[in-house]
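Q: Let me see the structure of the following:
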Amino acid sequence: MSHSHNHVHIHKHEVEGKNLVFSIILNLLITAAQVVGGLISGSLALISDALHNFSDVISLVFSYVAHKLSRRKASINNTFGYKRAELIAAFVNAFTLLLVAIYLGYEAILRFFHPEPIKSGMVIWLAILGIVVNGSSVLLLKKDADHNLNMKSAYLHLLTDMMASVAVLVGGLLMKFYGWFWVDGVMTLLISIYLIYVGFDLLKSSTKMLMLFTPEHIDIKEIVREVHKIPGVGKLHHIHVWHLNEEELHLEAHLDCAENILMSEFNDLLHELEIVLFTKFGINHINIQPEFKKEDPKDFIVQD
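A: Numbers count the residues shown, from 1 in each chain. Model prediction:
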């Protein structure tokens with residue numbers, strides 16, 4: 001029995017960790033300003049925005065550490081390195097988004113039934129500051145978020161912060177000109193609902209990757225059909241397809257050869273298979289166990 005582990009490498013977007021550092025500094029400043037402003041003005045929406053900002057600071061720090069860990073080289077004790085660290089960070093960040101959302105929703109409902117007078121002028125100016133700071137952070141991470149789930153989790157934290165600041169600004173203006181203090185609770189509730197929406201989607205995506213689920217865009221049966229078109233292939237079975245991280249899509253399988261070929265001939269066959277899997281499915285790490293008339297289950301998916 002022999003194994004072949006082949007890699008097809010592609011040019012990938014290099015994520016800049018320094019953008020996270022800038023975002024951390026900016027969010028620390030706005031968090032401090034909003035806490036002071038919220039206490040002075042009595043605005044729950046402002047306090048909730050500050051709480052969310054602080055959770056962002058923690059999430060951004062966590063994302064930065066995970067980003068650095070993921071760049072460490074593999075070793076004898078860590079044969080994959082720390083490549084899944086960013087998936088863990090994305091999962092934790094998504095989970096904290098949901099926790100913050102639930103807490104804010106609870107507080108918003110209480111405030112809605114018991115509205116309190118709020119110094120709307122301070123709320124307005126701090127909301128504008130929040131929009132500027134969070135908007136800047138969002139722009140810093142936008143490009144990285146398109147290529148990395150960890151960065152996307154940090155980006156979503158900041159994007160929802162910016163939207164929260166916009167909601168706080170609208171609420172502050174309504175309170176200033178119309179005296180609608182109940183708007184503070186309503187805006188906070190809307191913020192929490194949106195956080196639940198984006199947080200759950202991110203939590204689902206990161207969980208699927210951590211659980212090694214087959215990626216949604218991959219059709220196992222289609223892979224088998226394409227591989228079976230290659231001359232010399234008998235049957236592809238015992239198939240596993242998973243994301244190690246967002247950059248590496250792995251396939252592991254047994255390949256029943258049509259003939260009792262030499263290993264050098266199998267290398268050529270494997271090269272063809274490698275090209276098909278990469279060009280048609282984006283699979284860039286392949287581990288194939290060659291077989292010939294071996295007595296074992298030949299189902300596509302077999303519980304090992």
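Q: pLDDT below threshold where in the protein?
A: By pLDDT under 70, the low-scoring segments of the chain are 1-16, 43-46, 48-49, 52, 115-120, 304.
Q: Going along the chain, name the strands of it.
A: 4-7, 233-243, 249-257, 285-291 (DSSP state E).
Q: With respect to residue 54, which of those strands lies nearest?
A: Residue 54 lies closest to strand 233-243 among the strands of the chain, at 30.9 Å (Cβ to Cβ). Yep, even glycine has a C-beta here, placed from its N, CA and C like the rest.
Q: the inter-axis angle of the closest one versus strand 249-257?
A: Calculated by axes from the mean of the first three to the mean of the last three Cα atoms, to 10 degrees, strand 233-243 forms an angle of 160 degrees with strand 249-257.
Q: what does strand 233-243 rub up against?
A: Contacts with strand 233-243, where a contact means Cβ atoms under 8 Å, 6 or more residues apart in numbering, come from 209, 212-215, 218, 220, 223-224, 227-228, 249-258, 269, 273, 283, 289, 292, 296-302, 304.
Q: do the same with stretch 187-207
A: 44-45, 48-49, 52, 87, 90-91, 93-95, 97-98, 100-105, 107-109, 111-112, 149, 152-153, 156, 159-160, 163-164, 167-168, 170-171.
Q: Give me the number of neighbouring residues for residue 158.
A: Using other Cβ atoms under 10 Å, residue 158 has 28 other residues around it.
Q: what does residue 99 give?
A: 12.
Q: That one and residue 187: what is the separation?
A: Going from residue 99 to residue 187 by Cβ to Cβ, to the nearest Å gives 20 Å.
Q: same check, this time on residue 243
A: From residue 243 to residue 187 the distance is 37 Å (Cβ to Cβ).
Q: Residue 135 now?
A: For residue 135, the distance to residue 187 - Cβ to Cβ - is 18 Å.
Q: next one: residue 239
A: Taking Cβ to Cβ, one finds residue 239 at 50 Å from residue 187.
Q: neighbour-wise, which of those two wins?
A: residue 187 (26 against 20).
Q: Quick one: the helices in the protein, in order.
A: For the chain, the helices defined by DSSP state H occupy 18-41, 44-70, 85-113, 120-145, 149-178, 183-210, 220-227, 263-281.
Q: Next, format the ones you listed as JSON lines and append distance to residue 78.
A: Converted to JSON lines, the helices of the chain look like this (distance: least, Cβ to Cβ, whole Å):
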{"stretch": "helix 18-41", "distance to residue 78": "23"}
{"stretch": "helix 44-70", "distance to residue 78": "10"}
{"stretch": "helix 85-113", "distance to residue 78": "11"}
{"stretch": "helix 120-145", "distance to residue 78": "24"}
{"stretch": "helix 149-178", "distance to residue 78": "18"}
{"stretch": "helix 183-210", "distance to residue 78": "17"}
{"stretch": "helix 220-227", "distance to residue 78": "29"}
{"stretch": "helix 263-281", "distance to residue 78": "26"}
